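Trainee: I'd like to go over a predicted model; first the sequence, then the structure.
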Amino acid sequence: MKYFFSSISSMAYWRYIFSFDGLKSIFAIYGLLWLLISTLDFFKIYTRDEYSYYAFFIFIAISIILSIILRRPIKSISIPFPEYDFNIDVRIADLFGMGGATMISSNTIFEADVAGGKIAVDSLQGQFTAKYYTGNQNGLINSINEKINKIGLTPPYPMGTTIPIHTHGKTFYFTAMATMGENGNASSTLTDIKNALNGLWGYVREKGELQELAVPVIGTGRGRLQTTRKKMIALIAESFVKASIEGKFTDKLVITIRPEDAENFGINLYDIKDHLMHVLK
């Protein structure tokens with residue numbers, strides 16, 4: 001409910017309502033109303049001489065109100081691909097509340113020391129550690145080392161290197177998508193993100209189970225990319241569709257947006273759906 005009220009009070013929402021796509025919706029509803037009135041007039045049920053000249057403004061007002069109702073703030077959208085038997089969902093939700101498997105963005109050396117300050121507490125990996133390995137960070141580090149030693153490479157590992165961490169009955173895919181700088185800051189490029197996604201899809205196709213896969217909007221936070229979340233969601237979705245056409249590895253991809261980010265950055269899921277339909281279809 002908080003998201004609903006914060007959305008309708010934001011400039012971004014009203015800019016969307018009166019954007020080109022929003023105006024198309026308003027005039028489409030107006031056209032339907034006009035068709036209804038013309039039909040009533042044709043059958044002499046409600047003829048033109050019975051309503052005033054102000055009816056035009058009333059119809060416009062009704063069209064705007066109906067358009068707003070139809071495009072009220074929502075928290076999820078779904079884009080089906082029936083020809084390939086998979087869906088893409090975009091949800092404003094807690095990543096850790098998703099079902100199925102979940103991607104956790106990591107770095108090319110799989111550094112996981114949160115307590116020592118090498119990984120930020122509020123980063124995705126930091127949040128994961130706090131939620132599933134409270135007071136047992138070494139347990140996570142040992143699990144990562146066990147998995148990474150089986151790869152047979154030396155750090156830094158290539159972008160897209162993926163290892164599974166199984167805990168609390170769920171599977172988390174730790175995927176290398178950022179480089180750690182000398183001062184401990186992580187950074188990514190768009191090429192890094194694309195390679196990371198390709199690595200994740202490839203690993204899940206080869207070794208994962210055919211279950212729902214949740215992916216956060218990577219790169220826009222700690223990755224320090226100057227790319228909007230809308231464009232990053234499109235990049236993730238495009239990469240997923242391309243990989244899935246080559247070989248299916250999940251029935252559903254869920255791209256999650258943190259509720260805080262949705263509020264802070266004026267995320268509008270109708271706008272994102274229109275963009276994805278334009279890019280993907």
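Mentor: Cool, got the structure.

Trainee: I figured I17 was touching I68, is that so?
Mentor: Yes. Using Cβ atoms under 8 Å as the test, I17 is close enough to I68 to be in contact (6.1 Å). In short, each C-beta sits where N, CA and C put it, glycine included.

Trainee: quick one: which of those two has more around it?
Mentor: I17 (19 against 16; other Cβ atoms under 10 Å).

Trainee: helix or strand with the lowest mean pLDDT in this structure?
Mentor: Ranking every helix and strand in the chain by mean pLDDT, DSSP states H and E puts helix 2-8 at the bottom, with a mean of 68.

Trainee: helices or strands up against the longest helix along the chain?
Mentor: Looking across the chain with DSSP state H, the single longest helix is helix 20-42. Judged by 3 or more Cβ pairs under 8 Å, 6 or more residues apart in numbering; DSSP states H and E, helix 20-42 is in contact with helix 55-70, helix 269-280.

Trainee: which regions of the protein sit below the pLDDT cut-off?
Mentor: The chain contains residues with pLDDT under 70 at 1-3, 6-7, 10-12.

Trainee: and with 80 instead?
Mentor: Within the chain, the ranges that satisfy pLDDT under 80 run 1-17, 21, 46, 48-53, 71, 182-184, 222-224, 266, 281.

Trainee: so the residue located most distally from the centre of it: helix, strand or coil?
Mentor: Note on the chain: the largest C-alpha distance from the chain mean falls to D49, namely 51.7 Å (Cα atoms, centre = their mean). The three-state label given to D49 by DSSP: H, G, I helix; E, B strand; the rest coil is helix.

Trainee: quick one on the thing from earlier: and after the least confident helix or strand of the chain, which helix or strand comes next?
Mentor: helix 11-17 (DSSP states H and E).

Trainee: and that following helix, how far out from the chain middle?
Mentor: With Cα atoms, centre = their mean, to the nearest Å as the basis, helix 11-17 stands 19 Å off its chain's centre.

Trainee: so which bits of that helix are buried?
Mentor: For helix 11-17, the neighbour count (16 or more other Cβ atoms under 10 Å) marks 13, 16-17 as buried.

Trainee: can you give me the strands for the stretch 101-250 of the chain?
Mentor: 101-107, 162-167, 170-180, 186-187, 213-216 (DSSP state E, counting those that start in this stretch).

Trainee: save those as CSV, and put in mean neighbour count and distance to R205 too.
Mentor: Shown next, in CSV, are the strands of the stretch 101-250 of the chain (neighbours: other Cβ atoms under 10 Å; distance: least, Cβ to Cβ, whole Å):
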stretch, mean neighbour count, distance to R205
strand 101-107, 25, 12
strand 162-167, 18, 11
strand 170-180, 22, 12
strand 186-187, 18, 26
strand 213-216, 24, 11
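
Trainee: among those, which comes closest to G202?
Mentor: strand 162-167 (8.0 Å; Cβ to Cβ).

Trainee: so L70 makes contact with S25?
Mentor: Yes. L70 is within contact range of S25, at 6.9 Å (criterion: Cβ under 8 Å).

Trainee: for the nearest residue to K147 once chain neighbours are set aside, list each beta-bridge partner.
Mentor: Leaving aside its sequence neighbours, K147 sits nearest to I163 (Cβ to Cβ, 6 or more residues apart in numbering; 3.9 Å). Bridge pairing for I163 (DSSP bridges) gives the partners F174.
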